[in-house]
Every structure is written in C-alpha cells, then in structure tokens.
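K.L.:
Let me see the structure of the following:
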Amino acid sequence: MPSTKMKKQKRNRPAGAPRVKKSNTSGVELLLIQSIDHLGKQGDVVTVKRGYANNYLLPQGLATVASDHHKRMVDKHRAKLQEIEQARLKDLRDLAKHVAKQSVTIEANANEEGHLYGSVGAPEIVDSLKQNDVLLTTDQIRLEGVLKELGLYTVKVHLHQEIEAELKVWVVPTVEDEK
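P.N.:
Presented below is the predicted three-dimensional model:
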C-alpha cells in the first residue's frame, strides 16, 4: 500500500552546473553574458532573485555565476566585447535611420466614417516591413494601442535600450476590384 505521507525529495543540481552563491542581500550575484533590458549590460555583476537566476538567466545562457575567474575573464575581454557591442550599435543605428525613412501602407476594411472593422497591430506592421526588406519582430513595434481608424500614425520601433526609431504607418481602406 502506498503511504499517504510523501517524502520530501532533495533537489540535485545537474552534474557540472555552477553553484549559485547568495549575496549579502536577498538575491544571488550573476555576471551578465548578454545585455538585458532593465537589468544591465554585458559584463555587469548584478544581484537577482534566486528563482529568476535558476529558471531564466542561467538556463537561457544570459548570465553565469559571478566567480573571480569569470570576472577576470570579462575584464580581460572587455575591450573586445565593447568593440563588438559598438559595431552592433552602429548597425542598429543604421537600421533605425533606414526605418525612419520608411512609410508603410496597410489596407484594412473600414466603414464610411473611417472606423476599421478589425484593427491593425504589430504583426501587420511587421509583415508590411518585410515586403520592404526590413526584418523586425513584433515585440520591437511599440504601439500605444491597436490602430482602429483610418489615417496616418507614428509608431515607435524599439531596437535597443538606447536606440528607437519612428515609423510612419498609413492605414487606408481596402481597394475593391470592380468587375
């Protein structure tokens, strides 16, 4: 017969997994491998809650344990990392300039007053940009709400913590083919 009492199972770390050290505060110290919005830049030592570290940052490869060895390695390669980051930022700034020059036209079904039967959101804007050979993701498009009327809108495009562009979006009525 199975017992009604369950034994508490001990959680084991996988072999080779780093041991996460507690910091003086209520979190753990990690060294960021990649820059993360609202947390820090690549190479920063940050203190985060244990769950965030174990469930997101470490498994995704975004951070590692802040050991002395890792800190020395980052200090050694910081110049190279900054050079790579500067090249990436330059590419993103060029993309921002290119996006700012773009004007996207999206056709949508609307009534006589100009109200759309549906709405225009980030996926439609991304699809229109793909036709112009500009590849963005839906989370980079920052709408203040869905577009529900015909007209011209200025939409923010978030490319990086420091880089944003503005895109002109025209929402026009669908042209019906007359036969």
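K.L.:
give me phi/psi at A79?
P.N.:
For A79, the backbone dihedrals are phi -60, psi -40 (criterion: degrees, to the nearest 10).
K.L.:
Please apply the same query to L129.
P.N.:
phi -70, psi -30.
K.L.:
and Q131, how many residues sit next to it?
P.N.:
9 (other CB atoms under 10 Å). Heads up, the C-betas are built off the backbone N, CA and C, glycines and all.
K.L.:
oh sorry, the question was meant for L31
P.N.:
Neighbours around L31, by other CB under 10 Å: 19.
K.L.:
element containing it, please.
P.N.:
strand 28-32 (DSSP states H and E).
K.L.:
Quick check, central residue of the chain?
P.N.:
Taking CA atoms, centre = their mean, the centroid of the chain lies closest to D139, which sits 6.3 Å from it.
K.L.:
Burial check on V171, number of neighbours?
P.N.:
Around V171 there are 22 residues (other CB under 10 Å).
K.L.:
what's across from it in the sheet?
P.N.:
With DSSP bridges as the criterion, V171 is bridged to I106, G151.
K.L.:
In stretch 161-173, which residues are buried?
P.N.:
A165, L167, V169, V171 (16 or more other CB atoms under 10 Å).
K.L.:
and that stretch, how far from the chain's centre?
P.N.:
How far stretch 161-173 lies from its chain's middle: 17 Å, per CA atoms, centre = their mean, to the nearest Å.
K.L.:
and for it, what are the contacting residues?
P.N.:
Residues outside stretch 161-173 that contact it (CB atoms under 8 Å, 6 or more residues apart in numbering) are 35, 37, 89, 92-93, 95-97, 99-100, 102-110, 116, 120, 125, 128-129, 142, 147, 149-159.
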